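J.: Got a predicted structure plus its sequence, pasted below:
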Amino acid sequence: MRVYHRVCHPLMVFACFAAWLNAGSFPEELSEEAVKWVEQTLVEMTLEEKIGQLIEAPCSGYDFSTTSTRFLEIKKAIEDYRVGGINIYFSTLAQAPVLINRMQEMAKIPLFITSPMENGVGYLLKGATPFPPLMALGATSSEKLAYEVGKVVGKEAKALGYHALFAPVVDVNNNPANPIINVRSFGEDPELVARLGEAYTRGIHDAGILATAKHFPGHGDTDIDSHTSLPIIHASAERLHQIELLPFKRVIDAGVGAIMTAHIVVPSLTGDTKTPATLSEPILTGLLRNSLGFKGLIVTDAMSMGAITRHYQPGEAALRSLRAGADIILRPPDLGATIKHLIRAVRTETVSNTHEGHSLSERINESVRRILTVKTRLGLHKKRFVDIAKAQAFLASSPSQALAEQTARQSITLVKNQNHLLPLPKTLKPQDVMCLSIFGDPHEGKPELERLLQERLPGLTCKTLDLDSTDKHYASVRDEAGKHRIIIVGLFVKVRVNKGTVELPEKQLNLVREIKKQGCSVIAISFGNPYLLRHIPDIDAYLCAWGYLAICQRAAVQVLFGEINPQGQLPVTIPDCVPRGTGLHYE
């Protein structure tokens, strides 16, 4: 049986929002003018406009000239479907604020602009500041650093015209085989994830935009990617409250502005083995709203993901999520079909299919009022456009870049150092060493690792293996390695949507094992998945640098040569190898 609470009186709703946003950087009370704008806008909206407010349309790609297919699709979404928000995944630094202003010009009601910038604006827009993955912050265990990074990311995003970030990830990564969370999480310790999640959230809010904690009720304990299939979390309700839900409770108490749902099944919370959390009233309304007291926006994960599309039609999924308690339906795969289905559901609703007297229309009004209120808190009813000149001048400032460098340096974690192989001696000669870069994903360009090593050891031999390498190439690398005393292996493998794994191919791992058996000393540096050591436990030294970024590669090389002392501590356990908290330092 579905149970809904009746919509609160408007003044009660605004009081809730004042308390919620005051926890961040929105201290002013909602003005009488703002209250009037929300209520008057709501009263004047048609059913089609109300349903449009619940939808965030996708905006992905780089060609947004006014005649391009992508731009025309966005134009149709705004003008015909009256969507309330746009989720921008790709663009360019110069293009983003111009595109956002164009979209805002087309909209009758100000648009809510969001993006999944988990690792900074530079994660998606070249020229802004990219940061190492969140697990790097976990390795520092520093709330101060997490706050500062969150604030810089928030400021850069706000300067471009974004209003909410789909960050931080507060999933507890307690499954080493998780193919889609991994270094996106702060770590495996719920308390660490909660502390850093709170700090990161405060930073984003103090920048003047909304943070979005994800993926509720916790996507860390699965070995399936919900972009392709529907994972099931087999954990008791008691365990969930102790581990997965703890960080969410803490960021809610800290005033997080939005929470994103997970496309996962949690039988201990729903009583069935089929309904995803995104479509579950016991999870979204019963647990998140009622038990945990969350007052902010509930945003679905992308409804175009396989966990949903393989089991539900777009309109059906959106309707079920809305009934369950979601406010924003993110990136439905068919905008037209989704909106028509919701309109038809409202118009055909009868007394027999309302829920304890609470109609679908009331459920929609509740979410629309919540969305409009957030827009007023962000000041969008007064100013919706971006100052493009200021945006360009602000981004990728020297202090922001310095903070990213600091994060990379503080997070480098020395996990293993057999016979004190590191730091490398100053007497080391180029012929003593070979650098091998191994890519478990498609890659572009020469690794920074090679350039930095050759800078210090001119004439150093460097080899690369990737997914296209032939048996002949493998044999050549193996033979060359036998000519050197020390092999520095860069392991480049990262979380990638629809890949289904974050491991290196067995053929690549076998080569590392064979090189070690040849009598070479092997130093491996993980530029991504920290768990790789469990597959090559006999190597001599192991560093975790957390990400592909040039600043991560630079920090790793500085540690190799003793230019900086490793400070990080593992925020996860590497099974059968080392426990969480491991972190070696130079004497």
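T.: Received it, and whenever you're ready, just let me know what you need. Everything numeric here is computed off the predicted structure, so don't read it as measured data. Numbering: from 1, shown residues only.
J.: Now I515: closest residue in space that isn't a chain neighbour?
T.: Excluding the flanking residues, the one nearest I515 by C-beta to C-beta, 6 or more residues apart in numbering is A481, at 4.6 Å. Quick note: C-beta positions are derived from backbone N, CA and C, even for glycine.
J.: what about this protein, any weak spots by pLDDT?
T.: The chain contains residues with pLDDT under 70 at 1-29, 350-357, 394-396, 444-445, 497-498.
J.: related to what we said a few turns ago, hang on, isn't the residue nearest to I515 packed against A475?
T.: No: applying C-beta atoms under 8 Å, one finds A481 not in contact with A475, separated by 10.8 Å.
J.: who's more crowded, these two?
T.: Using other C-beta atoms under 10 Å as the criterion, A481 and A475 rank with A481 on top: 22 against 11.
J.: Phi and psi next, for the more buried one.
T.: phi -60, psi -30 (degrees, to the nearest 10).
J.: ok so, going back, dump the residue contacts of the residue nearest to I515.
T.: Taking C-beta atoms under 8 Å, 6 or more residues apart in numbering, we find A481 in contact with M434, L436, K463, I487, I515, Q518, C520.
J.: mind checking the SS state of the second one?
T.: L436 falls in the strand class when you classify it by DSSP: H, G, I helix; E, B strand; the rest coil.
J.: and I487, that one's in a strand?
T.: Yes: per three-state DSSP, I487 lies within a strand segment.
J.: For it, which residues are in contact?
T.: By C-beta under 8 Å, 6+ apart, the neighbours of I487 are V433, M434, C435, L436, A481, I515, C520, S521, V522, I523.
J.: now, which of those residues sits nearest E316?
T.: L436 (50.5 Å; C-beta to C-beta).
J.: Spit out the contact partners of the closest one.
T.: C462, K463, T464, L465, V477, A481, I487, I488, V489, G490, I515.
J.: which one among those gets closest to G220?
T.: Using C-beta to C-beta, G490 comes nearest to G220 of these, at 26.8 Å.
J.: Go ahead and confirm the closest one touches S437.
T.: Yes: with contact defined as C-beta under 8 Å, G490 counts as touching S437 (4.4 Å).
J.: re earlier: tabulate the contacts of I487 (CSV), appending distance to Q95.
T.: CSV is the format used below for the contacts of I487 (distance: C-beta to C-beta, whole Å):
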residue, distance to Q95
V433, 43
M434, 42
C435, 37
L436, 38
A481, 45
I515, 45
C520, 48
S521, 48
V522, 44
I523, 42
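J.: What subset of the residues you listed is buried?
T.: Buried subset of the contacts of I487 (neighbour count, 16 or more other C-beta atoms under 10 Å): V433, M434, C435, L436, A481, I515, C520, S521, V522, I523.
J.: what's the neighbour count on the residue nearest to the last one when sequence neighbours are not counted?
T.: Right, the one you point to is I523. Once flanking residues are discounted, I523 sits nearest to A541: 4.3 Å by C-beta to C-beta, 6+ apart. Neighbours of A541 under the rule other C-beta under 10 Å: 23.
J.: can you pull the contacts of I525?
T.: Counting by C-beta under 8 Å, 6+ apart, I525 touches L449, I488, V489, G490, L491, Y542, L543, C544, A545, A556, L560.
J.: top of those by neighbour count?
T.: When neighbours are counted by other C-beta under 10 Å, C544 leads the contacts of I525 with 34 neighbours.
J.: That residue reaches P571, doesn't it?
T.: No: with contact defined as C-beta under 8 Å, C544 does not reach P571; the gap is 9.6 Å.
J.: joint contacts of G490 and S437?
T.: By C-beta under 8 Å, 6+ apart, the residues touching both G490 and S437 are P447, L449.
J.: before we move on, back to that, which one of the contacts of I487 sits closest to R102?
T.: With C-beta to C-beta as the yardstick, the closest approach to R102 among the contacts of I487 comes from C435, at 46.5 Å.
J.: contacting residues around that closest one?
T.: L449, E450, L453, Q454, L460, T461, C462, K463, I487, I488, G490.
J.: Residues contacting the helix or strand encompassing the first one, please?
T.: In the assignment (DSSP states H and E), L449 maps to helix 448-456. Outside helix 448-456, the residues that touch it by C-beta under 8 Å, 6+ apart are 433, 435, 437, 460, 462, 488, 490, 525, 527, 550, 553-554, 556-557, 561.
J.: among the residues you listed, which are in helices?
T.: Applying DSSP state H to the contacts of helix 448-456, the entries found in helices are A550, Q553, R554, A556, V557.
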